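*Asks:* Please work out how this folds:
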Amino acid sequence: EKPGDIHSLALPSGQYDLVRAIKKAVSEAGRGGKIILVVIGGRPRLLQNMVNDSDAVLLAFLPGPDGGLAISDIIMGMHNPSGRLPITYPRYEDASSSPYFTSLSSQCTIDTGGGLPHYEYEPCKPEFTFGHGLSYTSFMYSDFVISSNILTIDFGSDDSPENIDIFLTVTNTGQVYGSETILFFVFIESRYTTPESKRLIGFDKVSLKPRESATVSTSISIDDMRFIGPHDDTHLVLQDGMRFQIGVGPDADCRHKDSKTSSVCSKFVSVQLGDQYVSSCEAACEAWDGSGCGSEFHMDRKECRERCLISDENEGWGWNYVTCIEEVIHKNTNGSGSTKQCYKMNELCRDIFAVETHNVSGGEKNLRAEFLVACSAGFL
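*Replies:* All right, here's what the predicted structure looks like:
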């Protein structure tokens, strides 16, 4: 298989007919035989009736020359499977609900009949969800706790932000040894741009004997909550006051309280950034620091943020300024932090040293004067 060699995800009709015929033969024989469907291929293909006509489905993808031995070990119970689907397996030709992190506004419709408009919205239903996977044993999640309901960072200081720690007890409730992969998702309530239905933020795997338990933990940092903002598609930003929940397990659905998996969902966590966070200021100061021009003119990130906020406490220097200085940095051929590059960043985009003196970091600095002196050698 390779891109472009098929125009439909459906299998040849004869394969559907074959499974249906086997199902009929097993039923007529009355011996209680089991049908195990093994799917081998490099891409998902529509299974249609074969799922209901089979007692088990094993997705082998492309297992290689020794794949037959591995498949037989799993079918015969010599090895307990523990894999998780790395994709959302589609049920229909339009591949609705793929990928799993599709936009929250992406919904499917069902025919309701009766009066107008004859339909309702509902989440799209794939054949198998992202992270789906069965085992010959079973696992139970309990004692799900998080260390805090607030994820915060103070952009007015250089202190490292605190993470939220997540703890969970996993118990093998079955009769055989097995491994369980635990998936951690976030469900964002709302933000500047439409959030994903859910987003994977961590995973772990444990192997347990029957009735054995283990504590699993992970953490969420402030950077895990960054997203592409409404200004462009090149910068990840944060949003003050954004709320989200943490869910555990491939079927976790924290958006629906009547869900069977709602018990493994946390209470709402809020993001608190303080009054000194402006996304364009963060991006601009990151560019100044990364270009070397910040150190060239003795302006650290804290001082850069202060200057940006003085310009406009809501918009800072603005995203047009960020785009301009990043373009200058991208086109620079004189080496990082060169006087010529720094001159262009300040004179072509915006003169951020226009204020002659500014009380920053406990003392006054005449940065504009320093800037002009530094530039005069090559430009004045």
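
*Asks:* remind me, longest helix of the chain?
*Replies:* Ranked by residue count, the top helix of the chain under DSSP state H comes out as helix 13-29.

*Asks:* Report the buried residues of the helix or strand that contains residue 167.
*Replies:* Per DSSP states H and E, residue 167 falls inside strand 164-172. The neighbour-count check on strand 164-172 (16 or more other CB atoms under 10 Å) flags 164, 166, 168, 170, 171, 172 as buried. For the C-beta atoms, the positions are set from N, CA and C on the backbone; glycine is no exception.

*Asks:* which residues are contacting it?
*Replies:* Applying CB atoms under 8 Å, 6 or more residues apart in numbering, the external contacts of strand 164-172 come out as 137-148, 151, 178, 180, 182, 184, 202, 206, 208-220, 246, 248, 264, 266, 269.

*Asks:* how about a cut-off of 7 Å?
*Replies:* Contact with strand 164-172 is made by 137, 139-148, 151, 178, 180, 182, 184, 206, 208-220, 246, 248, 269, as judged by CB atoms under 7 Å, 6 or more residues apart in numbering.

*Asks:* Likewise for stretch 56-71?
*Replies:* Contacts for stretch 56-71 (CB under 7 Å, 6+ apart): 36, 37, 38, 39, 40, 41, 42, 51, 74.

*Asks:* ends of that stretch, how far apart?
*Replies:* 13 Å (CA to CA, to the nearest Å).

*Asks:* Going by distance to residue 313, which of the contacts of stretch 56-71 wins?
*Replies:* Taking CB to CB as the measure, residue 313 lies nearest residue 42 of those, at 53.5 Å.

*Asks:* The closest one and residue 5: what is the separation?
*Replies:* 11 Å (CB to CB, to the nearest Å).

*Asks:* circling back to that earlier point, can I get the buried residues of strand 164-172 in CSV with distance to residue 84?
*Replies:* Shown next, in CSV, are the buried residues of strand 164-172 (distance: CB to CB, whole Å):
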residue, distance to residue 84
164, 24
166, 18
168, 16
170, 14
171, 19
172, 17
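
*Asks:* out of the residues you listed, who's nearest residue 277?
*Replies:* Once CB to CB is applied, the member of the buried residues of strand 164-172 that ends up nearest residue 277 is residue 164, at 18.1 Å.

*Asks:* how about the residue nearest the centre of the chain, phi and psi?
*Replies:* Nearest to the geometric centre of the chain sits residue 199, at 4.1 Å (CA atoms, centre = their mean). Residue 199 adopts backbone torsions of phi -140, psi 130, taken as degrees, to the nearest 10.

*Asks:* all numbers from here: first residue = 42
*Replies:* Will do, 42 is the new start, and the previous item becomes residue 240.

*Asks:* Can you tell me who it pairs with across the strands?
*Replies:* Going by DSSP bridges, residue 240 is paired in beta bridges with residue 227.

*Asks:* doesn't residue 226 make contact with it?
*Replies:* Yes. With contact defined as CB atoms under 7 Å, residue 240 counts as touching residue 226 (6.3 Å).

*Asks:* Would you pull up how far stretch 268-278 lies from the middle of the chain?
*Replies:* 14 Å (CA atoms, centre = their mean, to the nearest Å).

*Asks:* show me the contacts for residue 284.
*Replies:* Applying CB under 7 Å, 6+ apart to residue 284 gives the contacts 230, 309, 310, 311.

*Asks:* which of the buried residues of strand 205-213 sit farthest apart?
*Replies:* 205 and 213 (27.1 Å).

*Asks:* circling back: any quick PyMOL command for the buried ones out of the contacts of residue 284?
*Replies:* To isolate the buried ones among these in PyMOL, judged by 16+ other CB under 10 Å, type:
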select buried, resi 310
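
*Asks:* Include pLDDT when you put the contacts of residue 284 into CSV, please.
*Replies:* Formatted as CSV, those follow (pLDDT from 0 to 100):
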residue, pLDDT
230, 91
309, 94
310, 95
311, 95
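
*Asks:* What is the nearest of the contacts of residue 284 to residue 282?
*Replies:* Out of the contacts of residue 284, the member with the shortest distance to residue 282 (by CB to CB) is residue 311, at 6.4 Å.

*Asks:* quick one: secondary structure of that closest one?
*Replies:* strand (DSSP: H, G, I helix; E, B strand; the rest coil).

*Asks:* So it versus residue 145, what's the distance?
*Replies:* Distance of residue 311 to residue 145, computed by CB to CB: 18 Å.

*Asks:* Residue 228 too?
*Replies:* The gap separating residue 228 from residue 145 is 9 Å, by CB to CB.

*Asks:* sorry, back to before: max pairwise distance over the contacts of stretch 97-112: which two?
*Replies:* Top of the distance list for these (CB to CB): 77 and 83, 20.7 Å.

*Asks:* Those two: who's more crowded?
*Replies:* The neighbour count for residue 77 versus residue 83, taken as other CB atoms under 10 Å, is higher for residue 77 (12 against 9).

*Asks:* what comes into contact with the helix or strand containing residue 322?
*Replies:* Using DSSP H and E, the element containing residue 322 is helix 320-332. The contact list for helix 320-332 (CB under 7 Å, 6+ apart) reads 270, 276, 278-279, 335, 340, 342, 345-346, 349-350, 356-360, 362-363, 366-367, 370, 377-378, 382.

*Asks:* mind listing which of the residues you listed are in strands?
*Replies:* residue 278 (DSSP state E).

*Asks:* mind listing which of the contacts of helix 320-332 are in helices?
*Replies:* Among those, the residues falling in helices (DSSP H) are 335, 342, 345-346, 349-350, 360, 362-363, 366-367, 370, 382.

*Asks:* Please pick the buried ones from the contacts of helix 320-332.
*Replies:* Neighbour counting over the contacts of helix 320-332 (16+ other CB under 10 Å) leaves 270, 276, 278-279, 335, 340, 342, 345-346, 349-350, 357-360, 362-363, 366-367, 370, 378, 382 as the buried ones.
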